[in-house]
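**Q** Dropping the sequence and predicted coords here.
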Amino acid sequence: MLQLILAAAELPMLSDLVWIFGLATLVILVFMRFKVPTIIGFLFTGALAGPYGLSLVQASTTVEVLSEIGVILLLFVIGMEFSLKSLMAIKKAVFIGGSLQVFITIAVTTFVSYFLGFDWNVAVFIGFLISLSSTAIVLKLLQEAGQVNTISGRTTLAVLIFQDIVIVPLMLLTPMLAGESDNVALSLVLMLVKGVAVIAITILSAKYLMPQLLFRIAKTRNEELFLLSIIVICFAIAYLTSLLGLSLGLGAFLAGLIISESDYSHHATGKILPFREVFLSFFFVSVGMLFDITFLYSNILIILGLTALTFFVKFIIAVVSVKSIGQNLKDSLIVGFSIFQIGEFSLLLAKEGMRYNLLDPETYQYFLAISILTMTLTPFLLNNREKLAFKIINLPVSSRLNKRFNINPATTIAINEEELKDHLVIIGYGLNGRNLSLAAKSAKIPYAIIEMNPETVKVESSNGEPIIYGDAGNEAVLEHVNINKARVAVIAISNADATKRIVATIRHMTSNPYIIVRTRYVNEIEENINLGADEVIPEEFETSIEIFYRVLDKYLVARHDIENFTEEIRSHNYELFRTPLSPKPQMKIDLPDINFVCLKVEKDSGQYINIPLKDARLRDKLGINIVAIKRDGKTITDIQADQELRYGDAVYVVGKPDAIEELENELEVD
């Protein structure tokens, strides 16, 4: 036992790990109780355990190394879940959107810093620091929310990828700003050549080498060998890029891209995730350890002001940059709320600045405080980015600005319950109720919701939904939503007895609203009709109706014929589905050799993208006609010759199946 104690004493890292994991467990347990994001818990743990807190951790260098491994594994997993095809589909967002965001931020920050009294070279370096965002935090949050593959998520990833690339020339320019005489131009050219070489190797490996290698490894059915191979691939490519002067994170991302093109990416992701979570926690702890709480307390007003200024500048520039590449305002705002913070690569760059005396200790502490505060704010703003974007869109603006910036109308309908009339009453806010409210909101139909779950009422009320708590079988509750003035009442709850009681109560109070009832089974129809329901939709029957309706519609059977067939089934009182021996309705159809589909434009460049339709000549080349284009929530049906297909569009086309497949390959990412 004594030998074990002595051995532990010789390993200071072991005691540091115990303190970090033990303290993190307690902190996160408390934070989770108050629904504070885990990332904030790790930052707080670092602040407590670090030299400016309780000084519990001695081997801070070791913690930084472990944190770097966490960033590598994060980017590796993101690369595996992305793909080369997906990356090429957003190359415009990477190189145009990303460069605009970085270079405009540098320019604006340089001007502001110079105005605040810094020398021009220091002001430019501060611009370098502010221009970069946190890849580790943002991608982790997007991944947890399942938002990486949305338009805004992919655009955010594109900008972050460019930032990871541009960190290399920024590191090379730092000595020049400090007065060093290195040949920076030659270094940049060499770096560009290296970058092209690495990308070429990545593409060739993904296509030819990696699938064969992983197939042979997986064929052994040895899980340890498979895991070891994945780890070797990740760190070997990261190490290769670092030898070439590129960042470790970029190499890890490229390694993930290589594996993503194989059939084993999902299995590899599952193997790596536990390691990523452990090592990534060290990154957030290491950032928190840099936080000097006494310095923050002494300069709190200045730091808060600079933090607000940083947020405002980065947010506005991100929105303008993303909007300039053709994204709608909503997605641009969402990206802005995602990348407003200062990132981990800025922390690495700041250390270089300290080495070359571009930052003095006081400025460095200001920078650290602003960085950590913006990182701390990120989970709260990013998790609510869509709500915040809609609130900005819904701000009162002039019609001229509305038209100029293509701002969509407000999506949240504010209703004064005292003025409810000719409205929709939704009883039950489950899946059906939510979908119905979305449809009503989209169609600008006034509505009110009655729900019995108090938690749901509390959450949705705070989100602006016109919802009240109560039993819809109570007349006082129904009076509160002006049931006698409603045009339609929809009862979408799963309790059959409660449904009947609500129908009877509504009909006792008024005959005005058209009552639509959702039930689970066909045998509940008759009783609800007798109680006063106008229409009863049984799930088991209507699901089957919906399935065959969509199948026939997909085969382009005339809508009139499908509807006649549907009505004939209904007129048989569902006997077609309930009694095998009942006479079955017949329909003679002639299936056409054409198809009508909706294709999504998932690339920002191509032979049919961003050029006038008259020049694309889709009808001449493929025999395809464009019926409509849906863009930014608006449907364009008047298709002109100078109309263009843009990234994010939904395109409705008619043509033969093989022609549509060819167009799909040009527009969408496999």
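**A** The structure has been received and is ready for your questions.
**Q** I'd like to know which elements the longest helix along the chain is packed against.
**A** In the chain, assigned by DSSP state H, the helix with the most residues is helix 151-177. Applying 3 or more CB pairs under 8 Å, 6 or more residues apart in numbering; DSSP states H and E, we find helix 151-177 packed against helix 98-115, helix 120-131, helix 135-144, helix 184-204, helix 248-260, helix 300-324, helix 329-336, helix 344-355. Bear in mind the C-beta positions are built from the backbone N, C-alpha and C, glycine included.
**Q** just the angle between that helix and helix 120-131, please?
**A** On the basis of axes from the mean of the first three to the mean of the last three CA atoms, to 10 degrees, helix 151-177 is oriented at 160 degrees to helix 120-131.
**Q** between helix 151-177 and helix 300-324, how big is the angle?
**A** 120 degrees.
**Q** Just the buried residues of helix 151-177, please?
**A** Using 16 or more other CB atoms under 10 Å as the burial criterion, the residues of helix 151-177 that qualify are 151-168, 170-177.
**Q** Show me how far it is from its chain's centre.
**A** Averaging C-alpha positions (CA atoms, centre = their mean, to the nearest Å) puts helix 151-177 20 Å from its chain's average.
**Q** what does stretch 249-267 give?
**A** For stretch 249-267, the separation from the chain centroid amounts to 20 Å (computed by CA atoms, centre = their mean).
**Q** ok, and for it, which residues are buried?
**A** Under 16+ other CB under 10 Å, the buried positions of stretch 249-267 are 249-262, 264-265, 267.
**Q** need the strands for the protein, in chain order.
**A** Along the chain, counting by DSSP state E, strands occupy 424-427, 447-451, 467-469, 488-491, 514-519, 535-538, 595-600, 625-631, 634-636, 650-655.
**Q** Highest mean neighbour count out of the ones you listed?
**A** strand 424-427 (a mean of 26; mean count of other CB atoms under 10 Å).
**Q** Which residues outside that one are in contact with it?
**A** Residues from elsewhere that reach strand 424-427 (CB atoms under 8 Å, 6 or more residues apart in numbering): 433, 436-437, 440, 445-450, 472, 478, 481, 483, 486-493, 502, 513.
**Q** likewise stretch 346-354?
**A** With contact meaning CB under 8 Å, 6+ apart, stretch 346-354 is reached by 125, 128-130, 132, 167, 170-171, 174, 287, 290, 359, 361, 364, 367-368, 371.
**Q** Generate the ChimeraX command that creates a selection of the buried members of the residues you listed.
**A** In ChimeraX, this line selects whichever of the contacts of stretch 346-354 come out buried by 16+ other CB under 10 Å:
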select :125,128,129,130,132,167,170,171,174,287,290,359,364,367,368,371
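**Q** who are the neighbours in contact with residue 206?
**A** 84, 257, 258, 260, 261, 262.
**Q** same thing with residue 491?
**A** 427, 428, 472, 499, 502, 503, 515, 516, 517, 518, 533.
**Q** can I get those residues in a markdown table with distance to residue 455 and pLDDT?
**A** Shown next, in a markdown table, are those (distance: CB to CB, whole Å; pLDDT from 0 to 100):
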| residue | distance to residue 455 | pLDDT |
| --- | --- | --- |
| 427 | 18 | 92 |
| 428 | 15 | 89 |
| 472 | 18 | 85 |
| 499 | 22 | 88 |
| 502 | 21 | 91 |
| 503 | 26 | 92 |
| 515 | 27 | 91 |
| 516 | 26 | 90 |
| 517 | 25 | 89 |
| 518 | 22 | 84 |
| 533 | 29 | 89 |
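**Q** Centroid-nearest residue for this structure?
**A** In the chain, the C-alpha nearest the mean C-alpha coordinate belongs to residue 147, at 2.6 Å (CA atoms, centre = their mean).
**Q** Tell me how far it lies from residue 623.
**A** Relative to residue 623, residue 147 is positioned 37 Å away (CB to CB, to the nearest Å).
**Q** picking that back up, ok, which of the strands of the chain comes nearest residue 95?
**A** For the strands of the chain, the distance to residue 95 is smallest for strand 595-600, at 22.0 Å, taking CB to CB.
**Q** And for the closest one, what's in contact with it?
**A** Residues outside strand 595-600 that contact it (CB under 8 Å, 6+ apart): 554, 556, 627, 648-657, 660, 663-664, 667-668.
**Q** One more: stretch 65-73?
**A** Contacts with stretch 65-73, where a contact means CB under 8 Å, 6+ apart, come from 135-136, 234-235, 238, 248-249, 252, 272, 275-276, 278-287, 344.
**Q** quick one: which of these sit in helices?
**A** Residues of the contacts of stretch 65-73 located in helices (DSSP H): 135-136, 234-235, 238, 248-249, 252, 272, 275-276, 278-287, 344.
**Q** All set now, cheers.
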